[in-house]
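Undergrad: just the structure for this:
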Amino acid sequence: QSIFLLHLIWDKFVHVSATLGPSMLPTFNTTDDWILVSRLHTLGRGCKVGDVISYTHPVDGPGVFVTKRIIGMEGDFVVKDPMDGTGEMLQVPQGHVWTTGDNLPHSVDSRQYGPVPKALIRGKVLARVFPL
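TA: Here you go, the predicted model:
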């Protein structure tokens, strides 16, 4: 019974995941950070601009997960790439979010692969659990 309960909690409520790479510096370290992800926010439920989310990479596909910050929700207008200096704006389509890493020069995000379908959102990051 305890295995079933643990599986239920892990699958439907929260899970712990490791971060890797420099895209979310200084929020998360490049390695060895573990984050608590709320599965109650799957598919973008209850997510808003400013939230950090975990989602399946829209290009690399199943089994490849990324952690990025929501910059725009569906219907919002966002600057496509604040680093290129053009100020080009676009509207986030329905059913999607626009994400970027906190460390823009070292992040592959919506600026490269476009809006992220809400269907790919695995959950919202609640906290870093290790290191404390």
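
Undergrad: for the protein, what spans make up the strands?
TA: Secondary structure of the chain (DSSP state E): strands at 14-18, 34-38, 52-56, 65-73, 77-79, 89-91, 96-100, 116-117, 121-130.

Undergrad: please identify the most buried of the ones you listed.
TA: Most buried of the strands of the chain by mean neighbour count (mean count of other C-beta atoms under 10 Å) is strand 96-100; its value is a mean of 25. The way it works is simple: take the backbone N, C-alpha and C, and place the C-beta from them, glycine included.

Undergrad: of all the strands of the chain, which one comes closest to residue 6?
TA: strand 14-18 (10.8 Å; C-beta to C-beta).

Undergrad: regarding the protein, what is its longest helix?
TA: When the chain is parsed with DSSP state H, its longest helix is helix 2-12.

Undergrad: pLDDT averaged over that one - what is it?
TA: Computed over helix 2-12, the mean pLDDT rounds to 78.
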